[in-house]
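Trainee: just coords:
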């Protein structure tokens, strides 16, 4: 029996797009329902039942090259530490990105305070860390840095594959106030996976990013006067002046931290050098994408517009 064609052993944009549309619909319906019933179990059902397991099962049934698609490669301990530090240094940049969207929403409407759970004791903290950081970091990376990134980069190249993976990652949150930050994070996660050749790099960065947020919420809740994440968010963003002040603070931090970010990326490039034949990681190629590749993005943007209209107008 002949082996499957090489092209069929990786995902195509068509497959990636089909999965994205299906998962987006399930996320907004079934996922929203189970999370409204009980948040922790609902998140686990959404992450594992809707994102990770169907993708892995489909890849196995269709005989995809699992090692290539999901970049199954170990990382040296030195790289792991640098990736965790990198995720921490990116936090001010992500904060500025999200505050920018909140600022414009404040100009035309009223920001909606998201129901972000915070732990009140160590046990709750460990549960939230495992679910919000651990399960999301693993399952979302399997989906977005597995099928989505592989599908796009196999047809439009590494750079644009990372850009589209990040764009769809941000859109998939379906939260207008949390759009630009996840898009930037998605591109960074994609770049790390491509640079190291390992999905573990993006998983670790994702877990670190979410884990820091969970940890900060726990510390604020325990030592900050007992404010919950919702109350703290409502207090922090109750006016344009406050938003601008916080943005300036994070912008200053971002300019300081960018020196460390550049240093870590340089050291990672030394740890994972590319051959002369491979050339630079992101070639300066023009985007070559057909109209048939764009429907899921158009559909997602349309859904975003509907959400914004319902929520703010």
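Mentor: Perfect, thanks for sending it. Since the structure is predicted, the reported quantities are computational estimates derived from the model, not experimental observations.
Trainee: Now residue 35: closest residue in space that isn't a chain neighbour?
Mentor: residue 42 (3.3 Å; Cβ to Cβ, 6 or more residues apart in numbering). The C-beta positions use only the backbone N, C-alpha and C, and glycine is treated the same way.
Trainee: Give me the neighbour count for the one you found.
Mentor: 18 (other Cβ atoms under 10 Å).
Trainee: Which strands or helices does the helix or strand encompassing it pack on?
Mentor: Secondary structure assigned from DSSP states H and E places residue 42 in helix 39-44. Other elements packing on helix 39-44 under the criterion 3 or more Cβ pairs under 8 Å, 6 or more residues apart in numbering; DSSP states H and E are helix 32-37.
Trainee: average pLDDT for the helix it packs on?
Mentor: The average pLDDT within helix 32-37 is 92.
Trainee: which residues touch that helix?
Mentor: Applying Cβ atoms under 8 Å, 6 or more residues apart in numbering, the contact partners of helix 32-37 are 41, 42, 43, 45, 46.
Trainee: coming back round to it: how far away from the center of its chain is the helix holding residue 42?
Mentor: Offset of helix 39-44 from its chain centre (Cα atoms, centre = their mean, to the nearest Å): 18 Å.
Trainee: Figure out the length between the terminal residues of stretch 169-177.
Mentor: With Cα to Cα, to the nearest Å as the measure, the first residue of stretch 169-177 is 14 Å from its last.
Trainee: Tell me, how many residues neighbour residue 161?
Mentor: 23.
Trainee: ok, now which ones touch it?
Mentor: By Cβ under 8 Å, 6+ apart, the neighbours of residue 161 are 149, 150, 152, 153, 154, 190.
Trainee: Buried ones in the host helix or strand of residue 150, by neighbour count?
Mentor: In the assignment (DSSP H and E), residue 150 maps to helix 149-156. Using 16 or more other Cβ atoms under 10 Å as the test for burial, helix 149-156 gives 149, 150, 151, 152, 153, 154, 155, 156.
Trainee: cool, stretch 42-59 as well?
Mentor: Going by 16+ other Cβ under 10 Å, stretch 42-59 has these buried residues: 42-48, 50-52, 54-56, 59.
Trainee: mind putting those in CSV, distance to residue 217, pLDDT and secondary structure included?
Mentor: Listed next are the buried residues of stretch 42-59 as CSV, based on distance: Cβ to Cβ, whole Å; pLDDT from 0 to 100; DSSP: H, G, I helix; E, B strand; the rest coil:
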residue, distance to residue 217, pLDDT, secondary structure
42, 19, 94, helix
43, 15, 94, helix
44, 19, 95, helix
45, 23, 96, helix
46, 20, 95, helix
47, 19, 96, helix
48, 23, 96, helix
50, 25, 92, helix
51, 23, 93, helix
52, 25, 95, helix
54, 30, 94, helix
55, 29, 94, helix
56, 31, 96, helix
59, 35, 95, helix
